[in-house]
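Enquirer: Structural data only, the sequence is not supplied:
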């Protein structure tokens, strides 16, 4: 059975990289918002954005945070991570800085977004239990191949980790 996942990412700098991961096709993912749809959602302020995110997460078992150079500690990325965790969804990160964008450029590796989220009564960092994978390879093609090979297993492991925590 194909897992249904929610992809969380920073749209503007990473949409091309995200599209590459989505095109792997091994997971059933939420439909990406078009530029026009997103502008409509944003015009409704925070409550409309939260509602849109909640609707996109319905029926999903895991959130895959596609981590680019500027993803960590963004307001809506943090919200999506917290909401996913609180709903009992698996949560996993995959660094995508090593994939080429539409101009053929790669980016610098960003910070781990789970370092900015605390959980539990002790306030531990979510990064102490949630994994954030840095795909192996020396070029974009090799890193894409790594993601293609390991994405489904990363999701399954994230779901297991969440059930245990």
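Expert: Okay, I see it. All figures in this text were calculated on a predicted structure; none of them were measured in a lab.

Enquirer: For residue 143, grab the count of nearby residues.
Expert: Neighbours of residue 143 under the rule other C-beta atoms under 10 Å: 24. For glycine as for every other residue, the C-beta is placed from the backbone atoms N, C-alpha and C.

Enquirer: Can you tell me which residue sits nearest the middle of the protein?
Expert: residue 65 (1.4 Å; C-alpha atoms, centre = their mean).

Enquirer: is it in a bridge, and if so with what?
Expert: residue 8, residue 93 (DSSP bridges).

Enquirer: pLDDT score for residue 36?
Expert: For residue 36, the pLDDT comes out at 62.

Enquirer: Actually, residue 1.
Expert: pLDDT recorded at residue 1 is 65.

Enquirer: got it, and residue 43?
Expert: 77.

Enquirer: Can you classify residue 104 as helix, strand or coil?
Expert: coil (DSSP: H, G, I helix; E, B strand; the rest coil).

Enquirer: Check the gap between it and residue 57 for me.
Expert: Going from residue 104 to residue 57 by C-beta to C-beta, to the nearest Å gives 33 Å.

Enquirer: give the contact list for the residue nearest to the centre of the chain.
Expert: Residues counted as contacts of residue 65 (C-beta atoms under 8 Å, 6 or more residues apart in numbering) are 8-9, 71, 77, 80-81, 91-94, 113-114, 132.

Enquirer: How about residues contacting the top helix by length along the chain?
Expert: Criterion DSSP state H: the longest helix present in the chain is helix 140-164. Residues from elsewhere that reach helix 140-164, judged by C-beta under 8 Å, 6+ apart: 3, 5, 20-21, 24, 26-27, 61-62, 64, 85, 88-92, 94, 96, 98-100, 106, 129-131, 133, 135-137.

Enquirer: Cross those residues against strands and list the overlap.
Expert: Residues from the contacts of helix 140-164 lying in strands, with DSSP state E as the criterion: 5, 62, 64, 90, 91, 92, 94, 133.

Enquirer: The last one touches residue 92, doesn't it?
Expert: Okay, so that is residue 133. Yes - here residue 133 reaches residue 92: they are 7.3 Å apart, a contact under C-beta atoms under 8 Å.

Enquirer: what's the farthest-apart pair in the ones in strands among the contacts of helix 140-164?
Expert: 5 and 133 (14.5 Å; C-beta to C-beta).

Enquirer: quick one: which of those two has more around it?
Expert: Remark: of residue 5 and residue 133, residue 5 carries more neighbours, 26 against 17, as counted by other C-beta under 10 Å.
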